[in-house]
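Sequence and predicted structure, then a few things I'm wondering about:
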Amino acid sequence: MARDQIDMTPVERRDELVAWLESGCKPQAEWRIGTEHEKFPFTVQSHEPVPYEGPRGIRALLEGMQLLLGWEPIMERENIIGLHDVTGGGAISLEPGGQFELSGAPLENVHQTHTELMAHLAQVREVARPLGIGFIGLGMNPKWTRAQIPVMPKGRYRIMTQYMPKVGNLGLDMMYRTCTVQTNLDFSSEADMVRKLRVSLALQPVATALFANSPFTEGKPNGFLSFRSEVWRDTDPDRSGMLPWAFEDGMGFERWVDYALDVPMYFVKRGDEYIDVSGLSFRDLFAGKLKELPGERATISDWANHISTIFPEVRLKRYLEMRGADGGPWRRLPALPAFWVGLLYDSVSLDAAWDIVKDWTAEERQKLRDDVPAQGFAAKIRNRNMLSLAEETLKLAREGLTRRRHLNAGGEDETKYLEPLEDLVSRGSTPAEELLAKFNGPWGGSVEPVFTEYAY
């Protein structure tokens, strides 16, 4: 999750909220790629959750990372809850159940993303190994019950934990038992943002199928290929979903602001204090009418933090976040930025992708999104299955990356990072189906081997 923003400029008018989003527009030469990935820490000895406190806990891991990297600590009261690279712009943060997240720096190409990832994993291993901590990349924790998982000492998570059961049945699973990989991408104008948002929303289920990697809950198959994606269908309908209105005439920054203003808040932060305003309206805070904060007006920080608590399949901040993929093994992580950069950062591929999706109805898009968590590549839209859609979009992504011509020192372009996805499509099998085949075969009905075979 994003770090809390600190900008206490009061916001007087709706136009200022629109301008904040619009300030993300950048010329193409300045477009960057940000990649975020989460992973579960576990005790190497017994495959149990890692507590926050203690000589072999998450705090010790973060303090060790701080010594190794020299990054600035992110503190909440007396607790270290993350690290920030003031020079490069990357950060390490904690999800509610101790999931360890790298929020990568804004980089120019996928080669740099790959380098950043490999450096991060090497650094984490160096600190974690003496502590007896390992990491695993899956979309859903394969073994632990919610009750077993420690709660990280972050005020925003305490408020969310109390609120989630009021609005959905699986929100606490989302918080404590899932991991994702995300890619954040830029836009040049409002029109460019709208086009990229529409294409990526419509095609987000393709990424869900390609990265589906969460078939186990509490040691048993859960009936889904991406249970993480299914969890989002029953988390909080006010702040998740496929945003059908984004395809209507008049879509733009103003429309997004109006949507966000109507999403209930979780908290307002004042100093170190998280004030619980869960379920209340940002419009009331904006108008200075929130009875919990009499006379207080919304600030830019409040707006930025509120925007970061909205969780649709694609999220608009001052960039676009692709949110549909399960976490996975390291080889597959750079494939996500490669896929979306190839589709969205090349105008020919973007146009071709729009041609695929432009006639789909809101109902068809929703059904595809609803079917993919259980059906994977077998899900259908208009008598066409997801496997052929994945094949076609991967081809467009490859062509887009080829035209970008970003070469590494060895003269290779960014298409190499698509190979794990192309391999899956050629075999017609999602990552989750490979896990299930192992569970039902060599693993003998146990998820324990996943902690060795799929550890970073």
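Sure thing, it's come through.

Count the residues that sit near Lys220.
When neighbours are defined as other Cβ atoms under 10 Å, Lys220 has 13 of them. Every C-beta, even on glycine, is put in place using the N, C-alpha and C of the backbone.

ugh, wrong one, Ala409
Neighbour count for Ala409, taken as other Cβ under 10 Å: 6.

And for the one 3 residues further on?
With neighbours defined by other Cβ under 10 Å, the count for Glu412 comes to 12.

same deal with the one 5 residues further on?
Using other Cβ under 10 Å as the criterion, Tyr417 is surrounded by 26 other residues.

cool, the one 4 residues further on as well?
Leu421 is flanked by 24 other residues according to other Cβ under 10 Å.

So it sits against Phe339, correct?
Yes: counting by Cβ atoms under 8 Å, Phe339 is a contact partner of Leu421 at 6.5 Å.

Can you pull the residues that touch both of the two?
Leu210, Leu394 (Cβ atoms under 8 Å, 6 or more residues apart in numbering).

which helix is the longest one in the protein?
helix 190-210 (DSSP state H).

any idea how far the closest residue to Tyr52 other than its chain neighbours is from Ser189?
Closest residue to Tyr52 apart from its sequence neighbours, by Cβ to Cβ, 6 or more residues apart in numbering: Ile58 at 4.7 Å. Distance of Ile58 to Ser189, computed by Cβ to Cβ, to the nearest Å: 42 Å.

more neighbours, the two?
Legend: neighbour count by other Cβ under 10 Å for Ile58 and Ser189, higher for Ile58 (25 against 12).

A strand includes Asp351, no?
No: counting by DSSP: H, G, I helix; E, B strand; the rest coil, Asp351 is not part of a strand but helix.

tell me the contacts of the residue nearest the centre of the chain?
The centroid of the chain falls nearest to Gln182 when counting by Cα atoms, centre = their mean (3.9 Å). Gln182 sits next to Thr35, Glu36, His37, Glu321, Met322, Arg323, Ala325, Leu336 when contact means Cβ under 8 Å, 6+ apart.

Does it belong to a helix, a strand or coil?
Secondary structure state of Gln182, per three-state DSSP, is strand.

Please name the nearest non-neighbouring residue to it.
Take Gln182 and drop its neighbours on the chain: the residue closest to it by Cβ to Cβ, 6+ apart is Glu36, 4.5 Å away.

Most remote residue from the middle of the protein, which is it?
Outermost in the chain, Cα atoms, centre = their mean: Gly295 at 35.1 Å.

quick revisit: from Ile136, how far out is the residue nearest to Tyr52?
According to Cβ to Cβ, Ile58 stands 15 Å off from Ile136.

buried stuff in stretch 376-391?
Buried residues in stretch 376-391, counted by 16 or more other Cβ atoms under 10 Å: Gly376, Phe377, Ala379, Lys380, Ile381, Asn385, Met386, Leu387, Leu389, Ala390, Glu391.

ignore the last one, stretch 415-430
For stretch 415-430, using 16+ other Cβ under 10 Å, the buried residues are Thr415, Lys416, Tyr417, Leu418, Pro420, Leu421, Glu422, Leu424, Val425, Ser429, Thr430.

So what touches that stretch?
Applying Cβ under 8 Å, 6+ apart, the set of residues contacting stretch 415-430 is 110, 114, 209-210, 212-213, 225-226, 331-332, 334-335, 337-339, 342, 376-377, 387, 390-391, 394, 397-398, 401-402, 431.

Pull out the buried residues from those.
Buried residues within these, counting neighbours by 16+ other Cβ under 10 Å: 110, 114, 209-210, 212-213, 225-226, 332, 334-335, 337-339, 342, 376-377, 387, 390-391, 394, 397-398, 401, 431.

circling back: could I get the contacting residues of the residue nearest to Tyr52?
For Ile58, the contact set (Cβ under 8 Å, 6+ apart) comprises Pro41, Val50, Pro51, Tyr52, Leu94, Gly98, Phe100, Pro150, Met152.

Check the contact between the residue farthest from the centre of the chain and Gly288; I expect there is one.
Yes: if you go by Cβ under 8 Å, Gly295 and Gly288 touch, sitting 6.1 Å apart.

Need the pLDDT of Ile6.
If you check Ile6, the pLDDT there is 68.

neighbours around the residue lying closest to Glu30 once chain neighbours are set aside, how many?
Excluding the flanking residues, the one nearest Glu30 by Cβ to Cβ, 6+ apart is Asp186, at 7.2 Å. Look at Asp186: counted by other Cβ under 10 Å, it has 23 neighbours.

what's the answer for Glu248, then?
Glu248: 10 surrounding residues under other Cβ under 10 Å.

change the start of the numbering to 191 and stick with it
New numbering, starting at 191: the last item is Glu438.

Look up how far Leu292 lies from it.
Distance, Glu438 to Leu292, by Cβ to Cβ: 36 Å.

With Ala250 instead?
In terms of Cβ to Cβ, Ala250 sits 18 Å off from Leu292.

hang on, the earlier thing: mind listing which of the contacts of Gln372 are in strands?
The strands, defined by DSSP state E, take in Thr225, Glu226, His227, Glu511, Met512, Arg513, Ala515 from these.

What about those residues, which one has the most neighbours?
Neighbour counts for the ones in strands among the contacts of Gln372 (other Cβ under 10 Å) peak at Ala515, which has 30 neighbours.

Could you check what's spatially nearest to it, not counting adjacent residues?
Per Cβ to Cβ, 6+ apart, closest to Ala515 is Phe401, 3.8 Å.

Share the number of residues neighbouring that neighbour, please.
Phe401 has 31 neighbouring residues, counting by other Cβ under 10 Å.

got the contact list for it?
By Cβ under 8 Å, 6+ apart, the residues touching Phe401 are Gly329, Val371, Ser416, Gly514, Ala515, Asp516, Gly518, Arg522, Leu526, Pro621.
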